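>>> Just a sequence and a predicted model for now, questions to come.
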Amino acid sequence: MKNIRALCFDVGWTMAYPERSVWDIFAELCTEAGAPTEPHACEHLVRGLARLGSERAEERFRGGAQYPDSDTEFAGVFAQMGQLIFAQMGVERGYDELMQRFLQAFWNERNWTAFPEVLDVLRRLRERGMRVGVLSNAPSDLPSFLERLGVAPYLDFAVVSAIEGIKKPDRRIFEVAVARAGVDASAIMHVGDMYLEDILGGRAAGLNALLIERGRRALFPSFRESEGRPLAPQHVVGDLHDVLARLG
């Protein structure tokens with residue numbers, strides 16, 4: 001991978017993680033609403049349905065589906081998730097209020113922390129003369145999160161789905177990242193934690209791509225995103241130090 005001249009990183013579960021996970025918050029809300037629930041039950045429910053629908057999702061992607069985004073769309077993804085969880089766990093009412101509480105707890109700058117190696121790796125990439133950026137499916141306030149996390153000073157560009165109006169795996173948002181990186185797509189490495197959005201999306205746009213699996217700090221900590229996927233071991237990393245190693 002000696003031809004790589006720029007890197008772009010996903011943010012959530014790649015560069016940073018929520019101290020209170022999606023599943024912790026949903027479980028707490030269910031329990032407070034009178035339906036005692038454990039985090040792993042929420043995780044297994046959503047993960048199971050996501051994997052059942054993964055083949056169809058990949059077919060839609062390969063068929064040329066487009067993926068618009070906005071702050072409203074971002075909240076809507078979690079609202080659908082919440083409705084499913086609340087209904088399955090026996091919460092009978094108050095879904096709108098519960099979702100407001102969810103978003104206040106989850107998408108909150110104080111809830112997010114950069115992984116320990118992130119700033120050091122970004123610094124070392126810049127010292128190598130690499131262009132460095134982020135490409136993330138996130139709301140329009142992500143830039144302020146990047147400032148608080150200490151990441152912003154090390155970035156040459158940032159591509160945020162709700163600002164661009166397009167989200168991964170849509171190739172158009174990868175094309176925005178290519179333009180801002182200022183190098184050919186084949187000279188860019190994209191790193192992210194989701195197979196469809198980051199790996200298939202990135203590759204379809206001509207980028208190199210690595211899947212990152214953060215273990216207990218992943219979105220789905222009980223499952224490996226690479227499981228059952230046609231990915232060679234060298235295309236899967238555990239942290240950003242592994243990304244440096246792949247670059248040689």
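Nice, I can see it. Numbers count the residues shown, from 1 in each chain.
>>> secondary structure class for residue 210?
What DSSP: H, G, I helix; E, B strand; the rest coil gives for residue 210 is strand.
>>> Look up which residues are beta-bridged to it.
Counting by DSSP bridges, residue 210 forms beta bridges with residue 191.
>>> Helices along the protein, start to end?
For the chain, the helices defined by DSSP state H occupy 22-32, 39-52, 54-62, 71-89, 95-106, 118-127, 142-149, 161-164, 171-181, 201-204, 240-247.
>>> Next, the buried residues of the longest one.
Read that as helix 71-89. Neighbour counts over helix 71-89 (16 or more other CB atoms under 10 Å) mark 73-75, 78-79, 81-82, 85-86, 88-89 as buried. To be clear about C-beta, it is placed using only N, CA and C from the backbone, and glycine gets the same treatment.
>>> who touches that helix?
22, 26, 29-30, 33, 35, 37, 41-42, 45-46, 49, 95, 98-99, 102-103, 106, 137-140, 161-162, 167 (CB atoms under 8 Å, 6 or more residues apart in numbering).
>>> Kindly report the same for the third one.
Counting contacts by CB under 8 Å, 6+ apart, the residues outside helix 54-62 that touch it are 169, 195-196, 200-201, 204.
>>> re the thing from before, just the buried members of the contacts of helix 71-89?
Listed as buried from the contacts of helix 71-89 are 22, 26, 29-30, 33, 35, 37, 41-42, 45-46, 95, 98-99, 102-103, 106, 137-139, 161-162, 167; burial here means 16+ other CB under 10 Å.
>>> what's near enough to touch the residue in the chain sticking out farthest from the centre?
Most distant from the centre of the chain: residue 34, at 31.0 Å, with distances by CA atoms, centre = their mean. Applying CB under 8 Å, 6+ apart to residue 34 gives the contacts 90-92.
>>> give me that answer again for 7 Å
Residue 34 is in contact with no residue at all, counting by CB atoms under 7 Å, 6 or more residues apart in numbering.
>>> Okay, it and residue 121: tell me how far apart.
45 Å (CB to CB, to the nearest Å).
>>> go on, residue 32?
With the distance defined as CB to CB, residue 32 ends up 39 Å from residue 121.
>>> now swap in residue 45 and tell me
Residue 45 is 34 Å from residue 121, where distance means CB to CB.
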